[in-house]
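Student: sequence first, then the predicted structure:
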Amino acid sequence: MTLYRSTRILLASAALCALASPALALDGQDLLNKINASFATGGTALSADSVEVDGSDVILKGLKLSVEGAPNESPLTLEQITLQGVSEEEGGAYFIERVDFPEVNVTEENSVFTVQDLYLAGVYVPGDANAEGIDSMMFYEEAHSGMVEVSVDGKSVFSMDKAVGTMGLSDDESTITFEGSVTGLKADLSTVEDQSSKETIEALGLTMLNGDMNMSGSWEIESGTINIEDYSIDFANVGKLSLAFGMSGYTLELVKQMQEQARMMQAQPDNEQAQQAAGLMMLGLIQQLSLIDAEIRFEDDGITQRGLDYAGKSQGTDGAQMAQMIKGMVPLMLAQAKLGALQNEVSAAINAYLDNPQSLTIAAAPASPVAFPMIMGAAMGAPETIPGLIGLKVTAND
């Protein structure tokens, strides 16, 4: 399978072959069919009024995207999409250099939604969506969105400067890496009409939010080991919430089985028995997963003290007294949770954080991967064993 075309020797060879033999016209309809076959696993379908080929470009006119299980929803319609730099690969696969999407500009009553500079680059379309392993997967090297804005009555209430997602494949085709970022997130909450909510937002300093999001990780396809190194959202004057975790058992076969169950649920949305059966099947599939490690971390940037001050004021006191009240309540609440020896560690961490809000971290690092059924069983039958089972630790200001 060829996902990247960065080797000059291969490109030169391809050019020589093209010059030395009669040019073969692209089969645009075959390309559309194979894109559809890849999309089908997610319950979506593409259709086009016409498919035209212009050199190495494939032009889809009157493109419609519909979702299985939503017969009453009108399909998304695009007047024209051009798939640029299309080439046929080994095994009937296709490689598309770039797909540009038209600007989105939707007006509904007093609201306007706009999206600019949408495109995909380096798209690999498999020749057979039912093939074994990675050859059945559809990839892209880059997904990009420019400015996104939502305005109400002419005032911007949400915007985003840019979102970029990239994927990579190791030389031995055993691991997929991925990264994503969203920059320039802005949300104006001053337009909230409910007076009580408005007062809370103002007291907490959340009237205008500014932040970014980031994600990075990898997936070892054969072993099904997925590692999310960083999944974080960071808002100025609020704080940064980060998530990281690793799990095994997330194989390609499991992904396909979960997609099939999701399709069954979409196909019969009003059949309660079918929904319950599919839900149980999905739960059974998830039990194939095991936890390797996990971490949730919050780094404060002012929201904690404002929250204490606001809560204290509502109780007729101040933030310092509210912090002391919470310290007194925590042991009682933890006793009900039956956390065993971890209870003291959690209390100490919360006390330290309330005295000097910097960071609070919850981490799980079991000695060896723990199957999710074991964790769920412990949660229902013996919750006090969970800290030891998954190596749970809670720390503050580290």
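Tutor: Done, it's in.
Student: isn't there a strand covering residue 379?
Tutor: No - checked against DSSP: H, G, I helix; E, B strand; the rest coil, residue 379 lies outside a strand; its state is helix.
Student: residues in contact with the residue nearest to it when sequence neighbours are not counted?
Tutor: The shortest distance from residue 379 to any residue other than its chain neighbours is 6.4 Å, reached at residue 386 (Cβ to Cβ, 6 or more residues apart in numbering). For every residue, glycine as well, the C-beta is placed using N, CA and C. Residue 386 makes contacts with 339, 375, 378, 379, 392, as judged by Cβ atoms under 8 Å, 6 or more residues apart in numbering.
Student: could you do residue 232 as well?
Tutor: The contact partners of residue 232, taken as Cβ under 8 Å, 6+ apart, are 213, 214, 215, 240, 241, 242, 243.
Student: what segments of the protein are helices?
Tutor: For the chain, helices defined by DSSP state H occupy the ranges 8-20, 28-40, 195-203, 252-267, 272-286, 303-314, 319-337, 342-355, 372-381, 386-390.
Student: show me the shaky parts of the chain.
Tutor: Low-confidence regions of the chain, defined by pLDDT under 70, span residues 1-24, 41-42, 68-73, 266-269.
Student: I'd assumed residue 370 was in contact with residue 290.
Tutor: Yes - when contacts are counted by Cβ atoms under 8 Å, residue 290 is listed as touching residue 370 (6.0 Å).
Student: I'd assumed residue 301 was in contact with residue 239.
Tutor: Yes - contact status for residue 239 versus residue 301: in contact at 4.6 Å, counting by Cβ under 8 Å.
Student: between these two, which one's more packed in?
Tutor: residue 239 (19 against 15; other Cβ atoms under 10 Å).
Student: residues contacting that one?
Tutor: Residue 239 neighbours (Cβ under 8 Å, 6+ apart): 298, 299, 300, 301, 302, 303, 304.
Student: out of those, which is most surrounded?
Tutor: When the contacts of residue 239 are compared by neighbour count (other Cβ under 10 Å), residue 304 ends up highest, at 20 neighbours.
Student: got the contact list for it?
Tutor: For residue 304, the residues meeting the contact criterion (Cβ under 8 Å, 6+ apart) are 239, 353, 354, 357.
Student: you'd agree the third one is up against residue 327?
Tutor: Yes - contact between residue 354 and residue 327 holds when scored by Cβ under 8 Å: they sit 6.3 Å apart.
Student: more neighbours: these two, which one.
Tutor: Between residue 354 and residue 327, residue 354 has the larger neighbour count (other Cβ under 10 Å), namely 21 against 14.
Student: wait, what's in contact with that one?
Tutor: Under the criterion of Cβ under 8 Å, 6+ apart, the contact partners of residue 354 comprise 304, 308, 323, 326, 327.
Student: just residue 126 next, same as before
Tutor: Listed by Cβ under 8 Å, 6+ apart, the contact partners of residue 126 are 34, 37, 38, 93, 135, 136, 137, 138.
Student: of those residues, closest to residue 256?
Tutor: Nearest to residue 256 out of these is residue 136 (Cβ to Cβ; 8.2 Å).
Student: count the neighbours of the closest one for me.
Tutor: Residue 136 has 18 neighbouring residues, counting by other Cβ under 10 Å.
Student: and it, how close does it get to residue 155?
Tutor: When Cβ to Cβ, to the nearest Å is applied, the distance between residue 136 and residue 155 equals 47 Å.
Student: gap between residue 334 and residue 277?
Tutor: As it turns out, when the distance is counted by Cβ to Cβ, residue 334 lies 38 Å from residue 277.
Student: among these two, which residue is more densely surrounded?
Tutor: Using other Cβ under 10 Å as the criterion, residue 334 and residue 277 rank with residue 334 on top: 18 against 15.
Student: test my guess that that one contacts residue 348.
Tutor: No - here residue 334 lies out of contact with residue 348, judged by Cβ under 8 Å, at a distance of 11.2 Å.
Student: now do the phi/psi pair for the residue lying closest to residue 290 once chain neighbours are set aside.
Tutor: Across the structure, with Cβ to Cβ, 6+ apart as the measure, the residue nearest residue 290 apart from its sequence neighbours is residue 369 (3.9 Å). According to degrees, to the nearest 10, the main-chain angles of residue 369 amount to phi -50, psi 140.
Student: so residue 369 sits against residue 248, correct?
Tutor: Yes - between residue 369 and residue 248 there is a contact under Cβ under 8 Å: 5.4 Å.
Student: which neighbours do those two share?
Tutor: With contacts taken as Cβ under 8 Å, 6+ apart, residue 369 and residue 248 have 290, 292 as neighbours in common.
Student: what's the neighbour count on residue 284?
Tutor: As a burial measure, the neighbour count of residue 284 was computed by other Cβ under 10 Å and equals 12.
Student: between the contacts of residue 232, which is closest to residue 86?
Tutor: Using Cβ to Cβ, residue 215 comes nearest to residue 86 of the contacts of residue 232, at 29.4 Å.
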